[in-house]
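In: Curious how this folds, go ahead:
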Amino acid sequence: MAKDTAPRWDRRMQQRLARGEAAALGELYDRFAALVHSQAHLMLDDEDAAGLVTREVFAQIWESPEEYDPKQGSMRSWVAHLTHRRSVRRLRTSAATSYAAEHGEDTAPDPDEVEQRVRNATAAARADYIVASMPAPLRQALKLAYVDRRDYRQAAAELGVTEDEARRRLRLGLQLLSTANARPLEGSAPPGYGRIR
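Out: Numbers count the residues shown, from 1 in each chain. A predicted model of the protein is given here:
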């Protein structure tokens, strides 16, 4: 399979959505709703807003499945990209609304402060996306080291691998995570979908 070619499932799903198959939307929702909701919640820190973004993302997919370009990456990455765009839009709107409510209608929030909130939320969502996309062995090693506070020797013993393998998994996992802040804000997309503009 060529690097820039989406998996067969992604192409078939797009075709089914374009034909208006409601079952395809249900299947897509079952597969990606948790990703969308968790990414939106992580960025917005608001359960209701995350639910709204989730509904908006799947409505957009249903209304415009042709927006997905298999040459740009996987369906999963595209869905995460849509979630990111909607969440950023909602984050900027809510910052302006809450600032106006606190300081009066004629004032606007500091644009640098709003953009810093967007950058922080984007980095957190990218890190979450990267961890969720990692192969299970890397994810398990990172969990043992950073959540359960195990050193590489203890992680190796719990995973049933050599110490060298545990260090390798941790190093690879951390290298992947280091890309969470590597992309500029403008044109930012989850790994694997689209290009930086």
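
In: Could you use CA atoms for every contact and neighbour count after this?
Out: Will do.

In: Return the alpha-carbon coordinates of the helix-or-strand element of the chain with minimal mean pLDDT using CSV.
Out: Lowest mean confidence among the helices and strands of the chain (mean pLDDT, DSSP states H and E): helix 111-133, at a mean of 79. Taking C-alpha atoms only, helix 111-133 is exported to CSV below (Å, rounded to 0.1, in the frame of the first residue of the first chain):
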residue,chain,number,x,y,z
PRO,A,111,-5.7,38.0,21.5
ASP,A,112,-2.3,36.7,22.7
GLU,A,113,-4.0,35.2,25.7
VAL,A,114,-6.7,33.5,23.7
GLU,A,115,-4.1,32.2,21.2
GLN,A,116,-2.0,30.8,24.1
ARG,A,117,-5.1,29.0,25.4
VAL,A,118,-5.7,27.6,21.9
ARG,A,119,-2.0,26.5,21.6
ASN,A,120,-2.1,24.8,25.0
ALA,A,121,-5.4,23.0,24.2
THR,A,122,-4.1,22.0,20.8
ALA,A,123,-0.9,20.5,22.3
ALA,A,124,-2.8,18.6,24.9
ALA,A,125,-5.2,17.2,22.3
ARG,A,126,-2.3,16.3,20.0
ALA,A,127,-0.5,14.5,22.8
ASP,A,128,-3.7,12.6,23.6
TYR,A,129,-4.2,11.7,20.0
ILE,A,130,-0.6,10.5,19.6
VAL,A,131,-0.8,8.3,22.7
ALA,A,132,-4.1,6.8,21.6
SER,A,133,-2.6,6.1,18.1
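
In: just checking, what packs against that helix?
Out: Contacts defined by 3 or more CA pairs under 8 Å, 6 or more residues apart in numbering; DSSP states H and E place helix 111-133 against helix 22-44, helix 75-103, helix 163-177.

In: Tell me the gap between stretch 37-50 and the middle of its chain.
Out: Relative to the mean C-alpha coordinate of its chain, stretch 37-50 is positioned 11 Å out (CA atoms, centre = their mean, to the nearest Å).
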